[in-house]
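Asks: compute the structure for the input listed below.
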Amino acid sequence: MSQPTRASAPRVARGVSCCLVIAWFAMATGSASANELTLAEAARRAVEFAPQLEASRATIEAAAEDLRRAGRLPDPMLAIGFDSLPVSGADAFDFDADSMTQKTIGLRQALPARAKRAAQRRAAARNVELAQLDAEVERLDVARAAASAWVDVWSARREIEALGSLRTQAQLAARLTRARVAGGGSVLDALSAEAGVLEVDSEVAAAEGTAGEALAELRRWIGDEAVTIAASAPDFDRAPRPEGEALAILDRQPLLRSAGAKVASAVAAVDEARAERRPDWDFTASYGQRSGFDDMLMFEVGVSLPLFAGNRQAPGIAARTAEQRAARASEESLRLELTARIRAAYARWEALRRQVSIHEQVLKLARDRSAAALASYRAGGELNSWLDARRDESTAHRAHAQHLAGLGRAWVELAYLFGETTP
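Replies: A predicted model of the protein is given here:
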């Protein structure tokens with residue numbers, strides 16, 4: 001009787017530690033609180049908090065500013081000079097010595113072809129659209145990651161709660177063996193029961209570690225703050241939308257829309273390259289003064305002559321056209337990839353849904369077997385039967401938690417395919 005008594009202090013310490021962990025997670029299972037974090041709320045907070053989304057906002061701002069200046073006329077040029085100024089002899093650098101010497105001041109304005117400026121505006125508008133769609137893809141990735149982290153914390157909490165009930169059973173068995181030892185029972189059974197409690201403690205520690213890692217990942221997305229995970233979760237057994245509907249609205253997928261915007265941007269670049277064949281104009285007006293003569297005004301109009309388009313503009317058009325073909329091919333490749341990914345995601349979700357359903361039945365049988373074995377032991381049966389049943393139940397709990405987490409993550413993948421779903 002003395003050995004079990006000396007071992008009671010560590011057991012009490014382990015029990016207090018386990019109870020504290022379970023109590024921490026049980027906060028989410030109590031009455032509904034305004035501070036409980038649901039899956040949808042975690043995704044929303046992540047989108048509001050994520051620092052990487054600031055880069056997307058800055059990119060959109062930069063593209064919008066480029067659009068404001070696209071197609072504008074170049075700045076005018078101010079020209080100040082002189083003409084026919086002597087530079088040698090007795091009259092060198094004398095502006096009044098020669099009647100041909102003239103001082104001038106003028107303005108020059110370049111006038112790019114209207115087609116070029118229109119093409120620049122279209123290209124800049126496509127860049128704004130592309131930046132906005134890329135930001136939407138980034139927001140969707142952040143929301144999906146936060147929701148998956150929430151699922152991991154939620155499933156880990158359920159595992160710890162289940163292990164807590166197993167620990168209660170293990171402690172009951174240990175008390176029974178100690179009582180039997182006092183009455184002349186087997187010391188080996190008492191040691192085995194104590195080892196059973198330690199095994200559960202080890203499993204709880206592993207589950208704590210998993211929960212801590214999941215919580216750290218969740219805090220990464222929503223900020224380093226204390227959170228209470230809501231006990232309720234979305235119905236993971238029901239897909240957010242049927243597979244056929246998801247495939248029918250594939251064009252609404254942000255990644256594919258972004259690829260379409262890249263095609264549109266490539267088309268605008270081709271138009272801009274073709275506009276380079278249009279001649280540019282410039283206009284110059286200058287005012288001149290000559291000593292002893294009346295002032296003079298000069299107007300000049302110039303036009304570029306794209307006479308060698310085969311060596312200048314044509315290669316640029318060919319390059320942009322090739323980029324357009326590449327963008328279209330990438331869009332089609334992405335369409336096929338997304339179609340396969342959606343089908344695979346639904347197949348994975350369906351398989352996990354069936355596995356969870358099966359493991360719920362396995363878990364129920366394991367619980368019944370463990371309870372029956374413990375009742376048998378209390379009635380004078382063998383301890384090993386209960387130890388084996390308890391280990392099997394523990395294995396079933398861990399497997400069920402893993403499958404629940406997998407099902408939740410698979411559901412999140414489906415829920416955040418298009419960005420408009422509110423779980």
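Asks: so the residue lying closest to E217 once chain neighbours are set aside versus L218, what's the distance?
Replies: Spatial nearest neighbour of E217, chain neighbours left out: A149 (4.3 Å); criterion: C-beta to C-beta, 6 or more residues apart in numbering. The C-beta positions use only the backbone N, C-alpha and C, and glycine is treated the same way. Distance of A149 to L218, given as C-beta to C-beta, to the nearest Å: 4 Å.
Asks: give me the low-pLDDT residue ranges for the stretch 1-150 of the chain?
Replies: In the prediction, the stretch 1-150 of the chain carries residues with pLDDT under 70 at positions 1-34.
Asks: show me the helices in this structure, by range?
Replies: 2-26, 39-49, 52-69, 114-182, 187-222, 243-248, 254-275, 313-378, 383-415 (DSSP state H).
Asks: just the buried positions in the second one, please.
Replies: Residues of helix 39-49 classed as buried by neighbour count (16 or more other C-beta atoms under 10 Å): L39, A40, E41, A42, A43, R44, R45, A46, V47.
Asks: so the fourth one sits against A145, correct?
Replies: Read that as A42. No: counting by C-beta atoms under 8 Å, A145 is not a contact partner of A42; they are 10.0 Å apart.
Asks: can you check which residues contact both of those two?
Replies: W221 (C-beta atoms under 8 Å, 6 or more residues apart in numbering).
Asks: find the centremost residue of this structure, please.
Replies: D141 (2.3 Å; C-alpha atoms, centre = their mean).
Asks: got a pLDDT number for V227?
Replies: Looking at V227, its pLDDT is 76.
Asks: what's near enough to touch it?
Replies: Contacts of V227 by C-beta under 8 Å, 6+ apart are N35, L37, L215, L218, R219.
Asks: distance of it from D141?
Replies: 21 Å.
Asks: check V301 too.
Replies: 55 Å.
Asks: repeat that for T177.
Replies: 54 Å.
Asks: what is the burial count for P51?
Replies: By the criterion of other C-beta atoms under 10 Å, P51 has 6 neighbours.
Asks: typo on my end, it should be I317
Replies: Neighbours around I317, by other C-beta under 10 Å: 19.
Asks: now for the residue lying closest to it once chain neighbours are set aside: which residues touch it?
Replies: Sequence neighbours aside, A273 is the residue nearest to I317 in space, at 4.5 Å (criterion: C-beta to C-beta, 6+ apart). If you count contacts by C-beta under 8 Å, 6+ apart, A273 has them with Q313, G316, I317, A319, R320.
Asks: closest to A231 among those residues?
Replies: R320 (56.8 Å; C-beta to C-beta).
Asks: got any ranges where the stretch 201-350 of the chain has weak pLDDT?
Replies: Looking at the stretch 201-350 of the chain by pLDDT under 70, you get 224, 226.
Asks: can you put the helices of the chain in a markdown table and add distance to A231?
Replies: Listed next are the helices of the chain as a markdown table, based on distance: least, C-beta to C-beta, whole Å:
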| stretch | distance to A231 |
| --- | --- |
| helix 2-26 | 9 |
| helix 39-49 | 12 |
| helix 52-69 | 30 |
| helix 114-182 | 8 |
| helix 187-222 | 15 |
| helix 243-248 | 29 |
| helix 254-275 | 32 |
| helix 313-378 | 18 |
| helix 383-415 | 13 |
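Asks: of all these, which one is nearest W281?
Replies: Using C-beta to C-beta, the nearest of the helices of the chain to W281 is helix 114-182, at 10.0 Å.
Asks: direction-wise, compare the closest one with helix 313-378 and give the angle.
Replies: 10 degrees (axes from the mean of the first three to the mean of the last three C-alpha atoms, to 10 degrees).
Asks: relative to its centroid, which residue of the protein is most remote?
Replies: Extreme point of the chain relative to centroid (C-alpha atoms, centre = their mean) is A90; 79.1 Å.
Asks: distance check, that one against A97.
Replies: Separation of A90 from A97 (C-beta to C-beta) stands at 8 Å.
Asks: now distance to R390 too, for the contacts of V227, in a markdown table please.
Replies: What follows is those, written out as a markdown table (distance: C-beta to C-beta, whole Å):
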| residue | distance to R390 |
| --- | --- |
| N35 | 36 |
| L37 | 33 |
| L215 | 28 |
| L218 | 31 |
| R219 | 34 |
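Asks: of those residues, which is the most crowded?
Replies: For the contacts of V227, neighbours tallied by other C-beta under 10 Å; top is L218, 26 neighbours.
Asks: who are the neighbours in contact with it?
Replies: Per C-beta under 8 Å, 6+ apart, neighbours of L218: A42, A146, A149, W150, D152, V153, V227.
Asks: most widely separated two among those residues?
Replies: Going by C-beta to C-beta, the pair spanning those furthest: D152 and V227, at 13.2 Å.
Asks: ok so, going back, of the contacts of A273, buried ones?
Replies: By neighbour count, with 16+ other C-beta under 10 Å, the contacts of A273 hold Q313, G316, I317, R320 as buried.
Asks: make JSON lines from those residues and add distance to L352 to it.
Replies: Formatted as JSON lines, those follow (distance: C-beta to C-beta, whole Å):
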{"residue": "Q313", "distance to L352": "57"}
{"residue": "G316", "distance to L352": "52"}
{"residue": "I317", "distance to L352": "52"}
{"residue": "R320", "distance to L352": "46"}
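Asks: follow-up on the earlier one: how far away is the residue farthest from the centre of the chain from D98?
Replies: For A90 relative to D98 (C-beta to C-beta), the value is 11 Å.
Asks: overlap in contacts, those two.
Replies: By C-beta under 8 Å, 6+ apart, no residue touches both A90 and D98.
Asks: what is the burial count for E194?
Replies: E194, neighbours per other C-beta under 10 Å, totals 20.
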